[in-house]
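Student: Task: produce atomic coordinates for the following.
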Amino acid sequence: MKLKEMLKSDYVKSAIMLLILAISVFVFWFGLRAALRAEYPLCGVASGSMKPTLKVGDLIVVQGLNPAEINAAQAPEGDIIVFYRPKGWRDPNDLIVHRAINKTSKDGMWYFKTKGDANFGSDPWEVPEDYLIGRVVSLRVPLVGFITFLMRTPAGILVILPMLVVIFIDWIPWPKKHPEP
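Tutor: Next up is the predicted model:
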């Protein structure tokens with residue numbers, strides 16, 4: 001079978017499109033990580049602790065930055081930061097999105113006191129700068145954050161990825177075959 005004939009096959013076209021899709025997602029994700037200087041540039045809000053500013057399921061954009069640049073103040077002036085829960089292991093499934101309300105420097109390292117806007121009191125910990133992911137730079141893309149929760153599980157990947165592939169392939173304007181006379 002010649003290359004020209006193989007390229008006309010629907011299976012080969014689909015495989016090429018899937019490869020292009022996979023490469024595009026890879027380039028987008030790592031390009032976004034590099035541009036925003038954050039390990040997790042897109043996060044979903046998992047709890048209602050930041051209401052009314054952020055709601056459960058909101059997608060947020062996170063930018064990495066120098067910890068000294070974080071503005072720590074009460075709502076609404078203080079920066080909203082994303083960080084690993086300070087007690088325990090640095091588990092990417094246990095990221096917190098709260099407002100920095102105070103910062104102190106100890107032994108050349110910044111520590112942040114945090115609080116959820118909807119919470120009555122501040123969090124029971126101080127967040128060391130090495131637990132910081134970054135600052136929220138874009139607030140709320142409603143409900144899209146739920147996709148990030150699904151993509152953290154193998155079952156979610158098996159559900160979401162094929163759906164995205166089908167949507168993408170359906171969106172492509174494939175040339176229509178004309179019957180031969």
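
Student: May I have the phi/psi pair for Asp107?
Tutor: Backbone torsions for Asp107, taken as degrees, to the nearest 10, come to phi 50, psi 40.

Student: Might you report the residue contacts of it?
Tutor: If a contact means C-beta atoms under 8 Å, 6 or more residues apart in numbering, then Asp107 has no contacts. All C-beta atoms are positioned from the backbone trio N, CA, C, and that covers glycine.

Student: so how far is Val12 from it?
Tutor: Taking C-beta to C-beta, to the nearest Å as the measure, Asp107 falls 60 Å from Val12.

Student: Next: Ala72.
Tutor: Distance, Ala72 to Val12, by C-beta to C-beta: 56 Å.

Student: Tell me which of these two has more neighbours.
Tutor: Comparing Ala72 with Val12 by other C-beta atoms under 10 Å, the one with more neighbours is Ala72, at 18 against 13.

Student: residues in contact with that one?
Tutor: Contact analysis of Ala72 by C-beta under 8 Å, 6+ apart lists 78-79, 100-103, 112-113.

Student: So which of the residues you listed are in strands?
Tutor: Among the contacts of Ala72, the residues falling in strands (DSSP state E) are 100-103, 112-113.

Student: quick one: which of the residues you listed is most hemmed in?
Tutor: Phe112 (27 neighbours).

Student: Check what pLDDT it gets.
Tutor: On pLDDT, Phe112 comes in at 97.

Student: Then Trp29?
Tutor: Among the per-residue scores, Trp29 shows a pLDDT of 84.

Student: and it, what helix or strand is that in?
Tutor: Using DSSP states H and E, Trp29 sits within helix 10-36.

Student: next SSE after that helix?
Tutor: strand 42-44.

Student: pLDDT averaged over that next one - what is it?
Tutor: Per-residue scores along strand 42-44 average to 88.
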